[in-house]
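Enquirer: Make a model of this:
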Amino acid sequence: MTTQSVADGRTAFIEQSLHVGDPVADAVIVELDEFGAAGRRLLNEGLRGGLASLADAPPAIAALLRESEATPDWVDTERLAAGETAFLSVEPLWTQIVLSVGSLLPGYSTPRIARVLTGTGRLVNTTQRRLQETGKWLNSVTLPGGMLPGAPGYVDTVQVRLMHARVRATNMRHGWDTGALGVPINQADVARTWLDFTYSPFIALEKLGVTFTDEELLGLYRHWHYVAHLMGVDPVFYRDVVDHQQAGEWYHAIEAVSDSPDENAVALSSSLLEVVTRMLSELALKTPLPLTQDLVAAFARRILGDQLCDQLGIAQTDLVPLVDLLAERNAQTRRWQRASPEAWQQALEENIGVRRFLVDLTEGATTYQQNLA
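Expert: As a prediction, this is how the structure comes out:
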């Protein structure tokens, strides 16, 4: 049980973190602007080959690479080599649904985050591409070996960190109101994003009948501790988080210092749901568009609750009971797989194969790669 003094201390830390960016990554952006293409080339080479592979790295780039390569002693490299098995055990269809409805949608509901994202123009205008890039990154960091130094998930995660720094610098140059909004993509927002890839989707999966053991959840959080390290998240936010209860305390505390969804959040949510509905209708569920719209709304209401869905303008639907039936089917499948090691291993291998295919399916450079091109 959390005491009032602990809760008050957490709130004070979050409020302070609203005004803290990422000094290590922010210094790299200044250096990249100074050195141009040569600096970006050095950084990319260092991410893949290590700082030792560079003859003469500028100080900020060297500091970032040194920090990224200094694997903390609490990191289990065997687990990194094996991938994040709790995530990989889930059929990709359901992770796609909870990524969009259970992770991105509540993240977009935070006005600070929504203001940054609508400011880039990309999430309203090219939402499908953004979803593909997010999925590519997520699969890269969870596939076996993806988070080992120099591997795709490792490189992509540091590149995402630097993309955040670039967006932060751009917003600060264009009159961002730090007094009212805090620093753009501040430490609290990045911690919230981390929770939107750990706590939020796994809570959503459990509401859809895909449950996990305590050991699996412990492995999940330990894997994502390392992701947070590479993302530049303050360790106070994540190092002691080993289960949903602890993660939920941070999640709700961050929510408590956030305003209700505004017009930016509603615009982002509408764009996201439109794209997700079309993708599910055409590619995954292959159901008629009107039925898929109702299904997506039902998923959202089962996962997020009516209050937030009403705030985001998500339609009412009579299909929530159908989601409950799908959840029971998932629960039965999960029980059968756990009872049969062969079935569990087969599902794991099939899911890994699909995820590798999805990574390769994303054509061209991602936004976070283009930032360092």
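
Enquirer: Any stretches of this structure with poor pLDDT?
Expert: 1-2, 119-125 (pLDDT under 70).

Enquirer: what's near enough to touch the most centrally placed residue in the chain?
Expert: Note on the chain: the residue nearest the mean C-alpha position is residue 197, at 4.1 Å, using C-alpha atoms, centre = their mean. The neighbours of residue 197, taking C-beta atoms under 8 Å, 6 or more residues apart in numbering as the test, are 103, 138, 224, 227. Backbone N, C-alpha and C define where each C-beta goes, glycine included.

Enquirer: Regarding it, what is its secondary structure?
Expert: Using DSSP: H, G, I helix; E, B strand; the rest coil, the structure places residue 197 in coil.

Enquirer: Distance of it relative to residue 317?
Expert: Remark: distance between residue 197 and residue 317 (C-beta to C-beta, to the nearest Å) = 27 Å.

Enquirer: how close does the residue of the chain positioned farthest from its centre get to residue 144?
Expert: In the chain, counting by C-alpha atoms, centre = their mean, residue 55 sits farthest out from the average C-alpha position, at 34.1 Å. Distance, residue 55 to residue 144, by C-beta to C-beta: 33 Å.

Enquirer: Equivalent analysis for residue 303, please.
Expert: Residue 303 is 28 Å from residue 144, by C-beta to C-beta.

Enquirer: The two: who's more crowded?
Expert: residue 303 (25 against 16; other C-beta atoms under 10 Å).

Enquirer: The more buried one: which element?
Expert: Taking DSSP states H and E as the criterion, residue 303 maps to helix 289-304.

Enquirer: Over to residue 190?
Expert: Element membership for residue 190 (DSSP H and E) is helix 187-195.

Enquirer: Need phi/psi at residue 248.
Expert: Here is the backbone geometry of residue 248 (degrees, to the nearest 10): phi -60, psi -30.

Enquirer: wait, residue 304 sits on residue 101?
Expert: Yes: look at residue 304 against residue 101 with C-beta atoms under 8 Å: they come within range, at 7.1 Å.

Enquirer: end-to-end on stretch 336-343?
Expert: 8 Å (C-alpha to C-alpha, to the nearest Å).

Enquirer: actually stretch 41-59, not the one I typed
Expert: Stretch 41-59 end-to-end distance (C-alpha to C-alpha) = 15 Å.

Enquirer: Which positions in that stretch come out as buried?
Expert: 42-43, 46-47, 51, 54, 57-58 (16 or more other C-beta atoms under 10 Å).

Enquirer: biggest separation within the residues you listed, which pair?
Expert: 47 and 58 (14.4 Å; C-beta to C-beta).

Enquirer: need the contact list for residue 27.
Expert: Contacts of residue 27 by C-beta under 8 Å, 6+ apart are 60, 63-64.

Enquirer: picking that back up, looking at residue 304 and residue 101 now, which is surrounded by more residues?
Expert: Between residue 304 and residue 101, counting by other C-beta under 10 Å, residue 101 is the more crowded of the two (28 against 21).

Enquirer: The more buried one: what secondary structure?
Expert: helix.

Enquirer: surely it meets residue 301?
Expert: No: using C-beta under 8 Å, residue 101 makes no contact with residue 301, being 9.5 Å away.

Enquirer: quick one on the thing from earlier: any idea how far residue 44 is from the residue farthest from the centre of the chain?
Expert: Distance of residue 55 to residue 44, given as C-beta to C-beta: 15 Å.
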